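Colleague: Here is my input; please provide its structure:
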Amino acid sequence: LVREREDVPMARVMSGILQHMFKHSEETSYLLIANGGLDAILYWCRGTDSALLRHCAMALANCAMHAGHKNQRLMIEKNAANWLFPLAFSSDQLVRFHACLAITVLATNREIEKEVEGSGTLDLVEPFIASLHPEEFARSWLDSGENSQGRTPEDLQRLVLLLDSPRLEAQCIAAFYLCVEAGIKCEQHKTQIFYEIGAVQSLKRIVSYSRNVTTSALAKKSLKMMGEAIPRRLSPAVPNWKPCEVQTWLQQIGLSSYCQRFLELEVDGDLLLVISDSDLMEDLGITSSITRKRFLRELTELKTYANYSTCDPSNVADWLGSIDPRFRQYTYHLVQVGMDRASLPTVTDTQLLTDCRVHLAFHRARILLAARELLLPCLPDSCNNSCSEGPDVFISYRRTTGSQLASLLKVHLQLRGFSVFIDVEKLEAGKFEDKLIQSVKKAKNFVLVLSEKALDKCMGDTEMKDWVHKEIVMAMNSGKNIVPVTDHFTWPDSRSLPEDMRGILKFNGIMWCHEYQDATIEKILRFLYHPSHRNSIVTMDSSEKAISPQRHASTP
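Modeller: So this is what the prediction gives:
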């Protein structure tokens, strides 16, 4: 593989074989990783060949889905989360989808969750899924020959596990995948499979509880194709529920036979959230222990999804959720006894057990540990790093022609210890401009990707409506270290550009060489101000202790 990985036709064949082998078993995946199979796939992620990139994306998705936690850890150690970024940034929908699937599956592994989040790839998932149409995607998938008969029951079962995950990205991509599969299985008259694997109940839960518009809409569409009734969406403000809303909830979880007794006792949202096993047996007449366990399981899920803002002014719910999403179930008991964020550091194990009903000792230990950490002072360096310092590098690019190069630069620089900001269209509309402006101003370096026709929209843009124009002017006015990287770019006549950005034509550009990426990156590194943190893994000659101003690309 090492000898042949520059041969694109051979790479297509080998990546296609690896794609299917990563589905075989955990042991097979381990052997493939140990013998360089994953290294080859990750190397090919920097390529441009569409067929090759599809195989790479699917191979990584299969490895994440089928290889198990041990091999997922190996994927992270080999920087798979970072190399999934350019795939998730691709213009090919199938490449993007499988890259998003791979990164989402990795994120559901709690042991590597932080490393996955740090790659930035996870931010691409929800906006991409929201832009897709299941019917069109299903047609393109069927045409590709990769999924002509739909997925197997075993594959679909793995999607249900994603749907049941507390992570929004996992719920979103699983709901979309199941929606696509529902369309395929509907034409084959095989929708019974969704009942057998428990997908129907999970989809109904998403419709009832999810506050994400995309995920909820996809779940509804799936249920319609299966011929299922769409459950009514419940108000997330459970503490404010009236008895009639409790009745609706009981019907949706399949316990309508107890509705009358709940109604007679006027059980509302407040009482529902504090109900206990003994209450269910003694007051509500649920004598079956299995039925009570089923009720409490559904109640725990409801508590996890509930919105407590009306009774939780200090947002204890989100603090608990930051420890573990499942811990949101304890919110109402904590706030009912007067607990808020200010009093959390003084809480004791006995109080959590007796007053707040946190019965699991391991959960109490984790909550107590997190509460004690609230007392730790914020060190000056960490405060500055997290609050005042901006990214080491801001990458400005033209989305239509420069997205692939921008994504590759991001990965190469991150792997060499730089923190990188790149616009991934996840920012809320109202915060978009402010976030971009602040990121440019705080960045140490401004890397400008000059791809084909990158400055065309700047020509005649006297009102500065174009974002590339805005970013360039902000960088120049802020005195940033500007490093242009050119790729099939022709420098325009200075008179065609607005006067406020003509100075960019005086900067020395570095020509990108796709075939020799590492060498080009080494050249770019010589013109960048290096990260201030000293634990970076920047690849540079040990004799280069400092960079003289004369060597900066931003020197006109």
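
Colleague: List the contacts of the most centrally placed residue in the chain.
Modeller: By CA atoms, centre = their mean, the chain has its centre lying nearest to residue 122, at 2.5 Å. Applying CB atoms under 8 Å, 6 or more residues apart in numbering to residue 122 gives the contacts 103, 104, 107, 116, 169. Where you see a C-beta, it was placed from the backbone N, CA and C, and this is true even at glycine.

Colleague: how about a cut-off of 7 Å?
Modeller: 103, 107, 116, 169 (CB atoms under 7 Å, 6 or more residues apart in numbering).

Colleague: quick one: which of the residues you listed is most hemmed in?
Modeller: residue 103 (29 neighbours; other CB atoms under 10 Å).

Colleague: mind checking how far that one is from residue 72?
Modeller: Remark: distance between residue 103 and residue 72 (CB to CB, to the nearest Å) = 11 Å.

Colleague: Need the max-distance pair from the contacts of residue 122.
Modeller: 116 and 169 (10.0 Å; CB to CB).

Colleague: what packs against whichever strand or helix holds residue 351?
Modeller: Secondary structure assigned from DSSP states H and E places residue 351 in helix 349-354. Packed against helix 349-354, as judged by 3 or more CB pairs under 7 Å, 6 or more residues apart in numbering; DSSP states H and E, are the following elements: helix 361-373.

Colleague: So which residues make contact with the helix it packs on?
Modeller: Contact with helix 361-373 is made by 323, 324, 327, 344, 345, 347, 349, 352, 353, 358, as judged by CB under 7 Å, 6+ apart.

Colleague: of those residues, buried ones?
Modeller: Buried members of these, scored by 16 or more other CB atoms under 10 Å, are 327, 344, 347, 352, 358.

Colleague: what's the second one in contact with, if anything?
Modeller: The contact partners of residue 344, by CB under 7 Å, 6+ apart, come to 371, 374.

Colleague: Same question for residue 392.
Modeller: By CB under 7 Å, 6+ apart, the contact set of residue 392 is 418, 419, 420, 444, 445, 531.

Colleague: And for residue 183?
Modeller: Here residue 183 is in contact with 134, 135, 138, 225 (CB under 7 Å, 6+ apart).

Colleague: What are the boundaries of the strands in the stretch 101-250 of the chain?
Modeller: Counting by DSSP state E, counting those that start in this stretch, no segments of the stretch 101-250 of the chain form strands.

Colleague: now the helices for it?
Modeller: 113-118, 125-130, 134-144, 153-163, 168-187, 192-196, 199-209, 213-225, 243-252 (DSSP state H, counting those that start in this stretch).

Colleague: What strand or helix carries the residue nearest to residue 444 when sequence neighbours are not counted?
Modeller: Nearest residue to residue 444, sequence neighbours excluded (CB to CB, 6 or more residues apart in numbering): residue 529, at 4.6 Å. Here residue 529 sits in a region with no helix or strand, counting by DSSP H and E.

Colleague: Give the rounded mean pLDDT of stretch 152-160.
Modeller: In this model, stretch 152-160 has an average pLDDT of 89.

Colleague: ok now that stretch, how far from the chain's centre?
Modeller: 21 Å (CA atoms, centre = their mean, to the nearest Å).

Colleague: same deal with stretch 208-217?
Modeller: 17 Å.

Colleague: do stretch 461-473 as well
Modeller: Taking the mean of its C-alpha atoms, stretch 461-473 sits 30 Å from the chain's own mean (CA atoms, centre = their mean).

Colleague: tell me the mean pLDDT over it?
Modeller: The model assigns stretch 461-473 a mean pLDDT of 91.

Colleague: Contact partners for residue 60?
Modeller: 41, 80, 84, 99, 102.

Colleague: go again using 8 Å as the cut-off
Modeller: Counting by CB under 8 Å, 6+ apart, residue 60 touches 41, 75, 80, 84, 87, 98, 99, 102.

Colleague: from what I can see the first one touches residue 56, true?
Modeller: Read it as residue 41. Yes: assessed by CB atoms under 8 Å, residue 41 is found in contact with residue 56 at 5.2 Å.

Colleague: Give me the common contacts of those two.
Modeller: Contacts common to residue 41 and residue 56, judged by CB under 8 Å, 6+ apart, are residue 15.

Colleague: sorry, back to before: any quick ChimeraX command for the buried ones out of the contacts of residue 183?
Modeller: Burial among those is assessed by 16+ other CB under 10 Å; the matching ChimeraX selection reads:
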select :134,138,225
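
Colleague: Is it possible to get a markdown table of the contacts of residue 183 that adds distance to residue 338?
Modeller: Output for the contacts of residue 183, formatted as a markdown table (distance: CB to CB, whole Å):
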| residue | distance to residue 338 |
| --- | --- |
| 134 | 47 |
| 135 | 52 |
| 138 | 53 |
| 225 | 48 |
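
Colleague: List the buried residues of whichever strand or helix holds residue 56.
Modeller: According to DSSP H and E, residue 56 maps onto helix 50-66. Of the residues in helix 50-66, 52-66 count as buried by neighbour count, 16+ other CB under 10 Å.

Colleague: Residue 462: which of these is nearest?
Modeller: Ranked by distance to residue 462 (CB to CB), the buried residues of helix 50-66 are led by residue 53 at 39.5 Å.

Colleague: got a list of what the closest one touches?
Modeller: 44, 45, 47, 87, 90, 92, 95.

Colleague: shaky segments in the chain?
Modeller: For the chain, the stretches flagged by pLDDT under 70 are 1-5, 143-149, 377-388, 425-433, 531-556.

Colleague: Outline the domain layout of it.
Modeller: Per automatic domain parsing, the domain ranges recorded for the chain read 1-131, 151-233, 238-303, 316-373, 386-551.

Colleague: Which of the ones you listed sits closest to residue 310?
Modeller: Taking CB to CB, domain 238-303 is the member of the domains of the chain nearest to residue 310, at 6.1 Å.

Colleague: Tell me the span between the first and last residue of that closest one.
Modeller: Chord length of domain 238-303, first to last residue, is 8 Å (CA to CA, to the nearest Å).

Colleague: what's the straight distance from one end of stretch 318-328 to the other?
Modeller: 7 Å.

Colleague: Which residues outside that stretch are in contact with it?
Modeller: 166-167, 300, 303-306, 317, 330-331, 334, 341, 344, 363, 366-367, 370.

Colleague: Next: stretch 79-90.
Modeller: 38, 42, 45-46, 53, 56-57, 60, 63, 75, 95-96, 98-100, 102-103, 106, 115-116, 118-121, 124-125, 128, 403-404, 406-408, 410-411, 414-415.

Colleague: list the buried ones in stretch 114-123?
Modeller: Buried residues in stretch 114-123, counting neighbours by 16+ other CB under 10 Å, are found at 115, 116, 119, 120, 121, 122, 123.

Colleague: try stretch 204-213
Modeller: 204, 205, 206, 207, 208, 209, 210, 212.

Colleague: what about it, distance to the chain center?
Modeller: From the chain centre to the centre of stretch 204-213 is a distance of 18 Å (CA atoms, centre = their mean).

Colleague: sorry, back to before: I'd like to know which of the buried ones among the contacts of helix 361-373 are part of helices.
Modeller: Counting by DSSP state H, these place residue 352 in helices.

Colleague: just the buried ones among the contacts of helix 361-373 now: which is nearest residue 513?
Modeller: Nearest member of the buried ones among the contacts of helix 361-373 to residue 513, counting by CB to CB, is residue 327, at 50.2 Å.

Colleague: Quick check: that closest one vs residue 361, distance?
Modeller: Separation of residue 327 from residue 361 (CB to CB): 14 Å.
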